[in-house]
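Enquirer: Give me the fold of what follows.
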Amino acid sequence: MVVKIQNLSFIYTGGEKPALENVSFEVERGEFLAIMGENGAGKTTLCLHLNGLIPHTVSGKMSGHVYVDGLDTRKHGPSTLARIVGMVFQDPDMQLICPTVLSEVAFGPENLGIPREEIEARVEWALEVTGLSELKNRSPDTLSGGQKQCLAVAAALAMNPKVLVLDEPTSQLDPIGTEMVFSLLKKLRDEHGKTIVVVTHKSDFVAELADRILVLHEGRLVLEGSPSEVFSEAETLDKIGVPVPQTARTLRALGVESPPLGFGQASKL
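Expert: Got it, this is the predicted structure:
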C-alpha cells in the first residue's frame, strides 16, 4: 500500500466540531480512488493530511495516524512529502505562478536540486503525457480552463510523485475541460500505473474510472466499495447529497437489475 490512514480525527483551531472523525482506509499502489461527499464533509481536510499541510501548516488538533509510502506525516512535513504526493487543487490559477508552460512544469524539480538532465527529462515527459508539448512556450494565462488544469497536473507529475491527489479538479471547468482532465487521469492510471486519489462530484466519471469510492458525511466515512457497490446505495447517497450516475438512475427506473453505471458500460447493453 502507498497510503495508510488509521483512526484519523481532526478539528480546526476554533472549530466547533471535528472536520474528520475516526477515518480509516488504505490506498493500494496503482489504484484510482474517488472520494465523494457533500460540501463540508471533510474531503479537502483529508487531502491536506496526505501532503503534510496538516498538521505542519494548518493549525488544529489531530489524532490518529497517516502514513504515506511508509512515512509518518507527523514526523515528515510538506517539503519531504512533496516528493511523494503531488497535489492539484480546484483552481489552477492559484497554483500557476510562472510566465510559461515550460517554466511552470520545471519549477518544482528545479527546487529539488536534482541534475539538469533529469529535470529536462521529467519536464519533457510531463508535457508529453499531458498533451502540452506544443504549448510549452505559451503563457498559462492564454490556456483554456482544461489546459490550465492539465498544466497543474503536469507540474505535479514533474515532481515524480508516487501518489497524485486532486481536490475537485473539474469543479470550475466546462464539460470539455472536465472530459480533458478525466481522460488524462485515466491515461495516467492505465498507461503509467499512477496512484490517483481524486475528490469529485462527477459521479458518471467516477463510475467509469474509479477502482474504489469512499463517501464522507459530516467527517465520517459512511460508505466504501467499488462503484457498483457504492452507487447501489442510492437512497443513502440521496440523503447525504452525493449524486448517483444518471445512467444508473435511468436504467433502474426501467427495471434493469444491477445496471452498469457509466455511459460506456451502459452502451454495451
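
Enquirer: Can you report how many residues lie near the closest residue to residue 76 other than its chain neighbours?
Expert: Using Cβ to Cβ, 6 or more residues apart in numbering and skipping the chain neighbours, the partner closest in space to residue 76 is residue 52 (6.4 Å). No exception for glycine: its C-beta is placed from N, CA and C like everyone else's. For residue 52, the neighbour count with other Cβ atoms under 10 Å is 25.

Enquirer: okay, residue 52: pLDDT?
Expert: We have a pLDDT of 96 for residue 52.

Enquirer: Pull the residues that contact stretch 150-161.
Expert: 82-89, 92, 95-96, 101, 104-109, 112, 122-123, 125-127, 129-132, 140, 143, 164, 166, 169, 180-181, 184, 188 (Cβ atoms under 8 Å, 6 or more residues apart in numbering).

Enquirer: quick one: which of those residues sit in strands?
Expert: Among those, the members falling in strands (DSSP state E) are 85, 86, 87, 88, 164, 166.

Enquirer: Please report how far the last one lies from residue 248.
Expert: Taken as Cβ to Cβ, to the nearest Å, the spacing of residue 166 relative to residue 248 amounts to 23 Å.

Enquirer: again, but for the fourth one
Expert: Residue 88 sits 27 Å away from residue 248, going by Cβ to Cβ.

Enquirer: circling back to that earlier point, just the buried members of the contacts of stretch 150-161?
Expert: Buried by 16 or more other Cβ atoms under 10 Å: 82, 84-89, 92, 95-96, 101, 104-109, 122-123, 125-127, 129-130, 132, 140, 143, 164, 166, 169, 180-181, 184, 188, out of the contacts of stretch 150-161.

Enquirer: Now residue 38. Nearest residue, chain neighbours left out?
Expert: residue 241 is the one closest to residue 38 (Cβ to Cβ, 6+ apart), at 3.6 Å.

Enquirer: Kindly report the same for residue 65.
Expert: Residue 65 sits nearest to residue 6 (Cβ to Cβ, 6+ apart), 4.5 Å away.

Enquirer: A helix includes the one you found, no?
Expert: No - using DSSP: H, G, I helix; E, B strand; the rest coil, the assignment for residue 6 is strand, not a helix.

Enquirer: any low-confidence regions in the protein?
Expert: For the chain, the stretches with pLDDT under 70 are 251-252, 256-269.

Enquirer: how about 50 then?
Expert: 263-269 (pLDDT under 50).

Enquirer: Do a quick rundown of the helices in it.
Expert: Counting by DSSP state H, the chain has helices at residues 43-50, 53-56, 78-81, 101-110, 116-129, 145-157, 175-192, 203-209, 227-231, 234-239, 246-253, 263-266.
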